[in-house]
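Enquirer: Below: sequence and its predicted model.
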Amino acid sequence: MKRFAWHCLWLLCLSLSVQTQAQTLHLYTWADYISPEVVQKFEKQQRCKVVIDTFDSNESMYAKFKAGATGYDVVVPTAYMIQVMQAQGMLAPLDHKLLPNLPNIDPAALAKVMDKTMDHSVPYTLAYAAIAVRKDKLKDATATWAMFDRPALAGRMTLLDDMREAIGAALKSLGHSINTRDDAQLAAARDVLIRWKKYIARFDNEGYKAGIDSAEFLLVHGYSGDLFQVQMENPKVEILIPQEGVTIGCDEMVIPKTAKQPALAHAFINFVLDPAIAAENMEWMGYYCPNKPALAKVSPEFLKNPAVIIPSDLQAKCEVIEDLGPDLAKYTKVWDLVKAAR
């Protein structure tokens, strides 16, 4: 009987262990990209635990998957990188029966992405890279990429350490498309970036937030939601949309083929698409969620912030970053030359 009792106890412990493992969702996303309260509500609803890992660029995330990373259940890449991942068979198809909140997605947002039927990806946010200044320290700031040409700001500026965003800013400053394949235009953008590099403190994806807040930096190139969060804490930070136009990124939720918890992953995606949850999440992180019924639940002040909604007169000058296929090598070459320049 003792042996039988110990055997039953062992089976019970094993069962509880398996259940615990089965109720852990592994989320791979950008920093500060989901409200902690939203995560807690999902954990309570599903009686699970959410473990969050972060990346600072689409390229670093992709490199991790190419190196064999497994175990992530939901990942939030930008649309152009999703094209690459899908082409390489990295993504699982979505089961729409498990996603009843899909109709909440704004059709206008779907028009900006390749997966318009959401077969393997669901839009999470629409964001863009803009600039922010310390308006109390910099009285003559203007909304233009040419701000990075100011020698007086040498050592007090940062540019995003992101190949497509940084090259895109240089291309926009010259009046070119951020998705150009033209060698001469890319060479000109290279020269602009090398010139800007002489004035900036560094290329940076994280420290610019604390830097602009503390006035270590007076001008930064950053993601709209990050800048919104800093501005909410420090009204001396002013967000400017360069008049030449900016890059628009649609980050989307995907489930890798290697996901260990696909059912829980579907439950998570559906949860954040709930209008009340999407509105709460939107106001916390400062990014625009393309969820039509959720927009009726956010404050009017939120929708007036330039970090959230691009002014209508600038929208025509803004572009979505596209997958360039083999021509991406041209951008990689430019980026390598910029990084190596002194």
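Expert: That came in fine, so what should we check first?
Enquirer: low-scoring pLDDT stretches of the stretch 151-300 of the chain, where are they?
Expert: Nowhere does the stretch 151-300 of the chain drop to pLDDT under 70.
Enquirer: Show me where it has its strands.
Expert: Here the stretch 151-300 of the chain has its strands, by DSSP state E, counting those that start in this stretch, at 157-159, 202-203, 219-223, 237-240, 247-253.
Enquirer: Any chance of TSV for the ones you listed, columns distance to Arg150 and mean neighbour count?
Expert: Backbone N, C-alpha and C define where each C-beta goes, glycine included. Converted to TSV, the strands of the stretch 151-300 of the chain look like this (distance: least, CB to CB, whole Å; neighbours: other CB atoms under 10 Å):
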stretch	distance to Arg150	mean neighbour count
strand 157-159	8	25
strand 202-203	17	18
strand 219-223	8	27
strand 237-240	14	19
strand 247-253	22	23
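Enquirer: And stretch 157-176, what's buried?
Expert: 157-173, 176 (16 or more other CB atoms under 10 Å).
Enquirer: what does stretch 97-105 give?
Expert: Neighbour counts using 16+ other CB under 10 Å place Leu99, Asn101, Asn104, Ile105 of stretch 97-105 among the buried residues.
Enquirer: Could you find the closest non-adjacent residue to the first one?
Expert: Beyond its immediate neighbours in the sequence, the residue positioned closest to Leu99 (CB to CB, 6 or more residues apart in numbering) is Asn270, lying 4.9 Å away.
Enquirer: ditto for Phe217
Expert: Closest to Phe217 by CB to CB, 6+ apart is Gly211, at 3.9 Å.
Enquirer: can you pull the contacts of the one you found?
Expert: The contact partners of Gly211, by CB atoms under 8 Å, 6 or more residues apart in numbering, come to Thr158, Ala201, Asp204, Phe217, Val220.
Enquirer: what's the neighbour count on Lys317?
Expert: Neighbour count for Lys317, taken as other CB atoms under 10 Å: 15.
Enquirer: isn't it right up against Gly245?
Expert: Yes - checked against CB atoms under 8 Å, the pair Lys317 and Gly245 is within contact range at 3.1 Å.
Enquirer: can you tell me which residues contact the residue nearest to Leu99?
Expert: Here Asn270 is in contact with Leu98, Leu99, Pro100, Asn101, Leu102 (CB under 8 Å, 6+ apart).
Enquirer: doesn't Val122 make contact with the second one?
Expert: By that I understand Leu99. Yes - using CB under 8 Å, Leu99 is in contact with Val122, at 7.3 Å.
Enquirer: Overlap in contacts, these two.
Expert: With CB under 8 Å, 6+ apart, Leu99 and Val122 have common neighbours Ile269, Leu273.
Enquirer: what's the spacing between the residue nearest to Phe217 and Asp327?
Expert: 34 Å (CB to CB, to the nearest Å).
Enquirer: same question, Ile105
Expert: Counting by CB to CB - Ile105 and Asp327 are separated by 30 Å.
Enquirer: Mark out where each domain of the protein begins and ends.
Expert: When the chain is parsed with automatic domain parsing, its domains come out as 2-125+250-303, 127-248+307-340.
Enquirer: that older thread, Ala130: which of the strands of the stretch 151-300 of the chain is closest?
Expert: strand 237-240 (5.9 Å; CB to CB).
Enquirer: Direction included, what does that closest one pair up with?
Expert: Counting by DSSP bridges, the strands paired with strand 237-240 are strand 122-134 (antiparallel).
Enquirer: relative orientation of the partner strand and strand 247-253 in degrees?
Expert: For strand 122-134 against strand 247-253, the angle by axes from the mean of the first three to the mean of the last three CA atoms, to 10 degrees is 140 degrees.
Enquirer: picking that back up, so which of the domains of the chain is the most surrounded?
Expert: Most buried of the domains of the chain by mean neighbour count (mean count of other CB atoms under 10 Å) is domain 127-248+307-340; its value is a mean of 19.
Enquirer: first to last residue in it, what's the distance?
Expert: Terminal residues of domain 127-248+307-340 are spaced 29 Å apart (CA to CA, to the nearest Å).
Enquirer: what's the answer for stretch 266-282, then?
Expert: With CA to CA, one end of stretch 266-282 sits 20 Å from the other.
Enquirer: can you map out the helices along the stretch 101-250 of the chain?
Expert: 107-110, 163-173, 183-197, 207-214, 224-233 (DSSP state H, counting those that start in this stretch).
Enquirer: can you list contacts of the first one?
Expert: If I follow you right, that is helix 107-110. Contact with helix 107-110 is made by Lys116, Met118, Pro123, Leu126, Cys250, Pro290, as judged by CB under 8 Å, 6+ apart.
Enquirer: how about a cut-off of 6 Å?
Expert: Lys116, Pro123, Leu126, Pro290 (CB atoms under 6 Å, 6 or more residues apart in numbering).
Enquirer: In a markdown table: the strands of the stretch 151-300 of the chain, plus distance to Asp32.
Expert: Output for the strands of the stretch 151-300 of the chain, formatted as a markdown table (distance: least, CB to CB, whole Å):
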| stretch | distance to Asp32 |
| --- | --- |
| strand 157-159 | 17 |
| strand 202-203 | 19 |
| strand 219-223 | 10 |
| strand 237-240 | 16 |
| strand 247-253 | 13 |
